[in-house]
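> sequence isn't available, so here's the structure alone:
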Ligand code: 13P
């Protein structure tokens, strides 16, 4: 197997009713662990650089590492730039070799999000690059209101219009999920998810995978989630193991 288009990985997941884990990684070790674990599970996987982490590892270095490891992997590996917030940031990611990008215009008014995402889709598709966008507000799990206030969730009618007008390849939605460690157990709005999935025809993405109970994740996958983003949990295990190893030795 080798590097694979994220859109190909997600369309297959959509067709067959499963989700692919997408991990925020940032160096040789974390990319290789994620690929190794996916090989053990015999599942495709997506390695993502959080766009703001480009200050810690140059995008070109990340892409070179990930592509080299992907091309030697036994499973399909997708390469994705996570949470870019501007046209310029996305273009820099494409220039530096990412084959899939996320434009996060979720903080913008609907029309501005449509316009920015649509412009990016046009350029990215011309260069054979896939685009994920976000509609609804996925905030911080340390703020209860960020994920319990349903006024911030993705509206299903707006999602239909957004997908149609932008031509985006996948859509990240807000259904009671948030980034980081949840201060109280999340309670995903599965009814809303079912409706969005029924009305749209693109793979759906769930951000904030850390700390969502397994049962809710399984239910969300059954109802249409095809990409599950995980960052905090991986980093916590990483730091924990460094601490243990250092204190043992
Ligand atoms: P967590 O850090 O909460 O797992 O979320 C990761 C994520 O959604 C990255 O886009």
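Everything's here; your move. Only a predicted model underlies this, so the values are computations on that prediction, with no experimental measurement involved.

> for this structure, which segments count as strands?
Under the criterion DSSP state E, strands of the chain are mapped to 20-24, 45-50, 77-84, 100-103, 130-135, 170-173, 204-206, 225-230.

> what parts of the chain come near the ligand?
Contacts of the chain with the ligand, taken as Cβ under 6 Å from any ligand atom, map to 24, 82-83, 179-180, 207-210, 229-233. Heads up, the C-betas are built off the backbone N, CA and C, glycines and all.

> are any of those residues buried, and which?
Buried by 16 or more other Cβ atoms under 10 Å: 24, 82-83, 179-180, 207-210, 229-232, out of the residues of the chain next to the ligand.

> and the helices in this protein, which stretches?
In the chain, the helices defined using DSSP state H lie at 6-16, 28-41, 59-71, 87-95, 110-126, 144-148, 156-166, 190-199, 214-222, 232-248.

> so can I have CSV of those helices showing mean pLDDT?
CSV is the format used below for the helices of the chain (pLDDT from 0 to 100):
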stretch, mean pLDDT
helix 6-16, 97
helix 28-41, 97
helix 59-71, 98
helix 87-95, 98
helix 110-126, 98
helix 144-148, 96
helix 156-166, 98
helix 190-199, 98
helix 214-222, 98
helix 232-248, 95
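
> out of those, nearest to residue 173?
Closest approach to residue 173 among the helices of the chain is made by helix 190-199 (5.9 Å; Cβ to Cβ).

> re the thing from before, among the strands of the chain, which is the most enclosed?
A comparison of these by mean neighbour count, using mean count of other Cβ atoms under 10 Å, puts strand 100-103 on top with a mean of 28.

> ok, that one: who's next to it in the sheet?
Here strand 100-103 is paired, per DSSP bridges, with strand 77-84 (parallel), strand 130-135 (parallel).

> chain center to the longest one, what's the gap?
What it means is strand 77-84. Relative to its chain's centre, strand 77-84 lies at 7 Å (Cα atoms, centre = their mean, to the nearest Å).
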